[in-house]
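Asker: this is a predicted model, with the sequence first.
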Amino acid sequence: MSKITVVDDRARLIVGLDFGTTWSGVAFGMENCSGDIEVIQAWPGGNNRTTEKVPTLISYRGTKLAWGHQIDYTDEGSKTTIQGLKLLLDESQAYRFEPARESKVLIEELGKTPVGVAGDYLENVVAFSMEILKRRFSTAFKAMGIHYFLTVPAAWSDKAKDLTLRAARLARIPATALTLLSEPEAAAVYAIQTMQPNSIKKNDCLIVCDAGGGTVDIITYQITQTEPLRFAEATEGAGAVCGSIMLDEQFEALLRRIYRDDFEKEIPHHALRVAKQYWQDYIKPTYKGVLDEEGFKETPYQVPLPGLTDLPRAKNFDHGIWFMEHEQVKGIFDPIVEEIEDLIGDQLLRLKQKTLPPKAILLVGGLGSSEYLFRKLRASFDGIEVMQPKSSWSAVARGAVLRGQEGNQVDNRVARCNYGIKHWSPREKPSLKTQWCPYEEKWYRTDCMTWYITKVRTGIPGMSLDTNEPISFDFYRTVPQADIDTNLVFRTKLRCNHSSKGPLYLNSSKLAFGFYTVSGF
Ligand SMILES: Nc1ncnc2c1ncn2[C@@H]1O[C@H](COP(=O)(O)OP(=O)(O)OP(=O)(O)O)[C@@H](O)[C@H]1O
Ligand SMILES: [Mg+2]
């Protein structure tokens, strides 16, 4: 990317914040310099190392708070480090990641809450980023307005989004200067922009797969216009907690099991920690498959297990080295790859139902840069181009800035939830479920639902909603005469429900309802 050259102090600065499960990223650019985007790469504690993202780790030791690269990686340090923080904002996601569950206990012991800790982490990331920006823009910085685009997984529940907003508020990001944006949408905006302009045309469908640390999010877009670029969600997106940390968990489980089998005891914590780091840094990111380029079987990885050099030679170990076979790595990768293939396969099926042809699969995110995943998808989805755009690890933060610079490029989105309100509806006869209205002198059923936004409309699942069109319904409310002069502001609950079709009555359904309070009726 070229450097930002025009600095107009009246223009707004756009900051893209990617709060990731394992790594978080910050990108920025001036609102009026579309495409000029910088990513913060030098982080505190990084020892001159540049990384496009910073670890989503935080620890409180005594009064000292450490975050990102500042984290102390010793055994002692690892016991006080909070990991998988983001997953704790969505209860339904946290259970699948052991370190997140452990961190939850640690947070409780500290007398804190996940949202408070997320606020502390984001506050440090934002404060550091502001220092970089002050240096970058010098005196012009003071006069600049800043708008933040904070990304969240597409599968995030509305409750989790609300908690993310609260964390942002704790991080001193003003609510008026903040927009939440879906991660795959941000990634898609960036990834589609990196494609050669003449390689896409109107109506092409692109499946964007953001495979990160915790979650894999998939959204399919159809190009509605090429110049300027606009697109619409072609079908309901999908997501699952099957990111790269699941590979780490499987690695740990395998090593523990093999060690136990060979030595009939548990592997020491320190050796396990170093082996896991070796896996994360050298094996996982470079794994290509069991055969090398010439078709020969790859030699085993030599995983260091410090402190275990005195152990007798065993089936899989020698002098503090575990000889890890490439088939064992494959065994760890394949279930996750299959889950991603299923998610993509499901999107393809939905496209087929709508007779929309898929053009390409765009892979972004940390796991999205995996060569093995790339090869497997290319083999499984013959005839569809699989692409890994450049700088795909920071695609979400970059795309968040692009969203701020280009404005909304997505015309239609597909609802993942039904949204509606409970209301009264007249009935001819009284029953157990009706109530007498003294003002209108009629029987009413009081638990009827009207779904303003539905997942399925006129029988077509995943029907698009025009994001530029307000959704409104007529209704009236009967109030006592005495209230007319004093109280005509009402609060009601906006309810959400995930079933394919919103139920007719609130009480008739065993399905879970969430709600928000909306005022101003
Ligand atoms: N080439 C690779 N193959 C597999 N995994 C990788 C590779 N490169 C990085 N990773 C892993 O990807 C993860 C980081 O990816 P990313 O930053 O996209 O995730 P995140 O934003 O933290 O997670 P999420 O988006 O789910 O919240 C880490 O777990 C890292 O070990
Ligand atoms: Mg991510």
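Answerer: Thanks, I have the structure now. Ligands and ions are numbered 1, 2, ... in the order given.

Asker: strands of the stretch 1-150 of the chain, residue ranges please.
Answerer: Using DSSP state E, counting those that start in this stretch, the strands of the stretch 1-150 of the chain run over 12-18, 23-30, 38-39, 54-55, 58-61, 64-67, 81-82, 145-152.

Asker: what sits against the closest residue to ligand 1 within the stretch 201-350 of the chain?
Answerer: Of the residues in the stretch 201-350 of the chain, the one nearest ligand 1 is residue 212, at a distance of 2.5 Å by C-beta to the nearest ligand atom. Backbone N, C-alpha and C define where each C-beta goes, glycine included. Applying C-beta atoms under 8 Å, 6 or more residues apart in numbering to residue 212 gives the contacts 20-22, 183, 243-244, 365-368.

Asker: ok, it to residue 445 distance?
Answerer: 46 Å (C-beta to C-beta, to the nearest Å).

Asker: check residue 385 too.
Answerer: Distance from residue 385 to residue 445, by C-beta to C-beta: 54 Å.

Asker: before we move on, what about residue 345?
Answerer: Residue 345 is 43 Å from residue 445, where distance means C-beta to C-beta.

Asker: more crowded one of the two?
Answerer: When neighbours are counted by other C-beta atoms under 10 Å, residue 345 and residue 445 differ, and residue 445 comes out ahead with 17 against 13.

Asker: residues in contact with the more buried one?
Answerer: Counting by C-beta under 8 Å, 6+ apart, residue 445 has contacts 424-427, 431, 433-435, 505.

Asker: secondary structure class for it?
Answerer: strand (DSSP: H, G, I helix; E, B strand; the rest coil).

Asker: can you check the one 3 residues further on too?
Answerer: Classification of residue 448 using three-state DSSP returns strand.

Asker: touching, residue 117 and residue 107? I think so.
Answerer: Yes. If you go by C-beta atoms under 8 Å, residue 117 and residue 107 touch, sitting 5.6 Å apart.

Asker: quick check: neighbours shared by those two?
Answerer: Counting by C-beta under 8 Å, 6+ apart, the residues touching both residue 117 and residue 107 are residue 82.

Asker: would you agree residue 399 is in contact with residue 192?
Answerer: No. With contact defined as C-beta under 8 Å, residue 399 does not count as touching residue 192 (9.1 Å).

Asker: of these two, who's got more company?
Answerer: A count of neighbours by other C-beta under 10 Å puts residue 399 above the other of residue 399 and residue 192, at 32 against 22.

Asker: residue 22 versus the residue of the stretch 201-350 of the chain closest to ligand 1, what's the distance?
Answerer: Distance of residue 212 to residue 22, computed by C-beta to C-beta: 7 Å.

Asker: for residue 34, give me its contacts.
Answerer: By C-beta under 8 Å, 6+ apart, residue 34 lies in contact with 402, 405-406.

Asker: out of those residues, which sit inside helices?
Answerer: Cross-referencing the contacts of residue 34 against helices under DSSP state H gives 402, 405-406.

Asker: top of these by neighbour count?
Answerer: Going by other C-beta under 10 Å, residue 402 tops those with 25 neighbours.

Asker: hmm, the longest helix that the chain contains touching ligand 1?
Answerer: When the chain is parsed with DSSP H, its longest helix is helix 326-353. No. Counting by C-beta under 6 Å from any ligand atom, ligand 1 has no neighbours in helix 326-353; the shortest distance is 8.5 Å.

Asker: what mean pLDDT does that helix get?
Answerer: On average, the pLDDT along helix 326-353 is 96.

Asker: please spell out which residues along that helix are buried.
Answerer: By 16 or more other C-beta atoms under 10 Å, the buried positions in helix 326-353 come out as 326, 328-329, 332-333, 336-337, 340-341, 343-344, 347-348, 350-351.

Asker: for residue 112, state which of those residues is nearest.
Answerer: Of all the buried residues of helix 326-353, residue 112 sits closest to residue 336, with 31.6 Å by C-beta to C-beta.

Asker: that closest one reaches residue 246, doesn't it?
Answerer: Yes. In this structure, residue 336 is within contact of residue 246 by C-beta under 8 Å, at 5.6 Å.

Asker: and the residue nearest the centre of the protein?
Answerer: Residue closest to the average C-alpha location in the chain (C-alpha atoms, centre = their mean): residue 153, at 2.6 Å.

Asker: gap between it and ligand 1?
Answerer: Residue 153 sits at a distance of 6 Å from ligand 1 (criterion: C-beta to the nearest ligand atom, to the nearest Å).

Asker: then residue 384?
Answerer: The gap separating residue 384 from ligand 1 is 21 Å, by C-beta to the nearest ligand atom.

Asker: chain neighbours aside, what residue packs nearest to that residue?
Answerer: Using C-beta to C-beta, 6 or more residues apart in numbering and skipping the chain neighbours, the partner closest in space to residue 384 is residue 358 (5.3 Å).

Asker: specify the beta-bridge partners of that neighbour.
Answerer: residue 205 (DSSP bridges).

Asker: start the count at 36 instead of 1 going forward.
Answerer: Happy to do that; since the first residue is 36 now, the last one works out to residue 393.
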